[in-house]
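Enquirer: sequence and predicted structure are below.
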Amino acid sequence: MAPALPPALAAAMPPVQTAQVNGIEMAYYEAGPKDGPAIVLCHGFPETAFSWRHQIPVLAEAGYHVIAPDQRGYGLTSDPDAVAEYDMEHLTADLVALLDHLGLEKAVFVGHDWGGFVVWQMPLMHRERCAGIIGLNTPYQPRYRAEPIELFRQVYGPDMYIVWFQTPGEADQALGSDVNKTMRFFLRKPAALRQSGETKKGGSSFAFAAGLAAYDPAADQSQFLSDEEMAVYVALFEHSGFTGPINWYRNFTRNWERGADLPTRIDDLPCLMIMAEKDAVLPPSMADKMGDHISDLEKVLVTDSGHWTQQEQPQAVNRYILDWMRRRFPA
């Protein structure tokens, strides 16, 4: 049974709705005129649709039909047991089925973090349902040259968090044992990862297991969320757990194998890349070569923002999205 919605969630978001899509029950939040251009906001890890609370009312007021789902395994949406049910084919098909449920032919898909990986795959797998793509922090990247988990192991070492996530049950238990600590560990200001030692020079990088174990929330001065906002995330992840979200990472190899025959370019589709100046996980330099693969691309930079850009710098993100939407998809 889903938890009672925390007061901050109920106050900041439209009423939650649910739909049977692609074999799961998906929770989503909808606002704005239903005859306006549709824009679907896809969150990352470890977040939910709540991460878009600053964007939903602004886009809706500007005349856009805004849809923000809790994606598969997150928040109030179903969390299937099988790891393979979290592969890219399912994640993109969920969004297609949500459009079908809402009677929408196309939408602009906006994705942050893991949501960014999903929305950049949408035009490769479901081109006819895409009006445009906006990547937030997450750039479009062509298919890896070799099996990705082994590449991560070679480049970053065995303690790198994506490698760590591959072990069944281990990270699930570590992240779920103290959800408040876990969420405060992840949702921090730009320099927090470097300052607390999760990245190491000359050794493993992004070693989140050791960082989480050593992390002391009481001594942390790098939080940007209010206690009420943090309580929303804690309640939602205490409900859903972390296995579903981590299963997205356990499909890196499967996605790589099954994506061998997909297109490698995105042509004749409006695309916007919003980069964050101080993102240690997805730095702006990762977007340098996107123009080699996308024919209609604009790029902008949000200054003084770390990884959680739509929450750290919501006004800048709203400004960039609205400017681009008004030029490319006027309401």
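Expert: Looks like it arrived, so ask away.

Enquirer: so what does Thr18 look like in phi/psi?
Expert: Dihedral pair for Thr18: phi -130, psi 150, per degrees, to the nearest 10.

Enquirer: ditto for Asp79
Expert: The phi/psi pair for Asp79 (degrees, to the nearest 10) reads phi -130, psi 90.

Enquirer: what's the burial count for the closest residue to it other than its chain neighbours?
Expert: Nearest residue to Asp79 in three dimensions, chain neighbours excluded: Gly244, at 3.7 Å (C-beta to C-beta, 6 or more residues apart in numbering). Heads up, the C-betas are built off the backbone N, CA and C, glycines and all. Using other C-beta atoms under 10 Å, Gly244 has 22 neighbouring residues.

Enquirer: would you confirm that Gly244 contacts Gly75?
Expert: No. Look at Gly244 against Gly75 with C-beta atoms under 8 Å: they stay out of range, at 9.8 Å.

Enquirer: give me the below-cutoff pLDDT ranges for the stretch 151-300 of the chain.
Expert: Within the stretch 151-300 of the chain, the ranges that satisfy pLDDT under 70 run 191-204.

Enquirer: what helices or strands is the helix or strand harbouring the residue nearest to Asp79 leaning on?
Expert: Gly244 is part of helix 243-249, with elements assigned from DSSP states H and E. Packing contacts for helix 243-249, counted by 3 or more C-beta pairs under 8 Å, 6 or more residues apart in numbering; DSSP states H and E, involve helix 170-176.

Enquirer: what segments of the stretch 101-250 of the chain are strands?
Expert: Applying DSSP state E, counting those that start in this stretch to the stretch 101-250 of the chain gives strands spanning 107-112, 130-136.

Enquirer: buried deepest among those strands, which one?
Expert: Of the strands of the stretch 101-250 of the chain, the one with the most neighbours on average (mean count of other C-beta atoms under 10 Å) is strand 107-112, at a mean of 27.

Enquirer: wait, a helix at Gln17?
Expert: No. Using DSSP: H, G, I helix; E, B strand; the rest coil, the assignment for Gln17 is strand, not a helix.

Enquirer: if it is in a bridge, with which residues?
Expert: Beta-bridge partners for Gln17, by DSSP bridges, are Tyr28.

Enquirer: run a quick neighbour tally on it.
Expert: Number of residues near Gln17 (other C-beta under 10 Å) recorded here: 14.

Enquirer: my guess is Ala68 meets His54, correct?
Expert: No. Contact status for Ala68 versus His54: not in contact, 11.3 Å apart, counting by C-beta under 8 Å.

Enquirer: more neighbours: which of these two?
Expert: Using other C-beta under 10 Å, the more surrounded residue of Ala68 and His54 is Ala68, with 27 against 16.

Enquirer: export only the CA atoms of the helix or strand hosting that one, formatted as CSV.
Expert: Under the criterion of DSSP H and E, Ala68 resides in strand 65-69. Extracted in CSV, the C-alpha atoms of strand 65-69 (Å, rounded to 0.1, in the frame of the first residue of the first chain):
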residue,chain,number,x,y,z
HIS,A,65,0.7,20.3,-20.8
VAL,A,66,3.2,19.0,-18.2
ILE,A,67,3.5,15.4,-17.2
ALA,A,68,5.9,14.2,-14.5
PRO,A,69,5.9,10.4,-13.8
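
Enquirer: start at 338 instead
Expert: Fine by me, first position is 338 from now on; the one you just mentioned is strand 402-406.

Enquirer: and the angle from it to strand 444-449?
Expert: 40 degrees (axes from the mean of the first three to the mean of the last three C-alpha atoms, to 10 degrees).

Enquirer: name the helices or strands packed onto strand 402-406?
Expert: With contacts taken as 3+ C-beta pairs under 8 Å, 6+ apart, strand 402-406 sits against strand 361-368, strand 375-379, helix 393-398, helix 425-439.

Enquirer: can you tell me which of those is most buried?
Expert: By mean count of other C-beta under 10 Å, these have strand 375-379 as the most buried, with a mean of 26.

Enquirer: that one packs against which elements?
Expert: Judged by 3+ C-beta pairs under 8 Å, 6+ apart, strand 375-379 is in contact with strand 402-406, helix 425-439, strand 444-449, helix 451-462.

Enquirer: how much does it deviate in direction from strand 444-449?
Expert: 20 degrees.

Enquirer: let me see the mean pLDDT of strand 375-379.
Expert: When pLDDT is averaged over strand 375-379, the result is 99.

Enquirer: same thing with stretch 354-362?
Expert: pLDDT averaged over stretch 354-362 gives 98.
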